[in-house]
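Student: would you be able to build a 3D model of this:
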Amino acid sequence: MIGPLLATDAPRCARLEAAIFAGDSPWPVEAFTAEIASPHNRYFAVRDDDDVLIGYAGISVLGRSGDMECEIHTIAVDPDHRGGGYGRALMAEMLVVADEVDAEVFLEVRTDNDRAIELYEHNGFVRVGLRKGYYQPSGADAYTMRRRRGGASR
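Tutor: Residues are numbered from 1 along each chain as shown. As a prediction, the model looks like this:
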């Protein structure tokens, strides 16, 4: 169900991104191409039975051995395919990456994105900060969230 996101997926990602995040500077093809190619990043794809990309997610792994940190860059599922567990599956793959290097994980999420916040909290993330006007051009606020090493939420 989940596999690597490929450079050839970048145009489809950009189209999905434009539809899902229209008011908040969606990533263009070039951004996806660069992020997929970065050696510090792991990007995942979920495809339907016809091999059409219906979701993607990406995480970076930063730091030195023994002192690693991860940051979730993005996670998105085609609105026509939501509710099928694809977001949970993508999140699980990213958290395996973090757990393999024993890293804390950070992310930002719109304060009004209840569905995403619920997913993150279910996976051990807690709110640790507020970034006013983080998303542009909409000016929407974002929570910074953290998941401790190994998923502990304390």
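Student: only C-alpha atoms for contact and neighbour calcs from this point on.
Tutor: Will do.
Student: buried set for the helix of greatest length in the chain?
Tutor: Identified as the longest helix of the chain according to DSSP state H is helix 86-100. Buried residues in helix 86-100, counted by 16 or more other Cα atoms under 10 Å: 86-91, 93-95, 97-99.
Student: burial measure for residue 104, as a count.
Tutor: Neighbours of residue 104 under the rule other Cα atoms under 10 Å: 22.
Student: help me confirm that residue 69 comes into contact with residue 61.
Tutor: Yes. Between residue 69 and residue 61 there is a contact at 6.0 Å, judged by Cα atoms under 8 Å.
Student: now for the two: what residues contact both?
Tutor: Here residue 69 and residue 61 have residue 98 as joint contacts, going by Cα atoms under 8 Å, 6 or more residues apart in numbering.
Student: and after the longest helix of the chain, which helix or strand comes next?
Tutor: strand 104-110 (DSSP states H and E).
Student: how far off helix 86-100 does whichever helix or strand comes after that next one point, in degrees?
Tutor: The first helix or strand that comes after strand 104-110 along the chain, using DSSP H and E, is helix 114-122. Helix 114-122 and helix 86-100 are oriented at 30 degrees to each other (axes from the mean of the first three to the mean of the last three Cα atoms, to 10 degrees).
Student: now do helix 114-122, average pLDDT.
Tutor: The average of the pLDDT scores along helix 114-122 is 95.
Student: give me the contacts around that helix.
Tutor: With Cα under 8 Å, 6+ apart, helix 114-122 has contacts from 88, 109, 126.
Student: list just the nearest of those to residue 22.
Tutor: Among the contacts of helix 114-122, residue 109 lies closest to residue 22 (Cα to Cα), at 15.2 Å.
Student: picking up where we left off before, from the contacts of helix 114-122, pick the one nearest residue 30.
Tutor: For those, the nearest to residue 30 is residue 109 (22.6 Å; Cα to Cα).
Student: quick revisit: can you redo the contacts of helix 114-122 as TSV with distance to residue 5?
Tutor: Output for the contacts of helix 114-122, formatted as TSV (distance: Cα to Cα, whole Å):
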residue	distance to residue 5
88	17
109	22
126	27
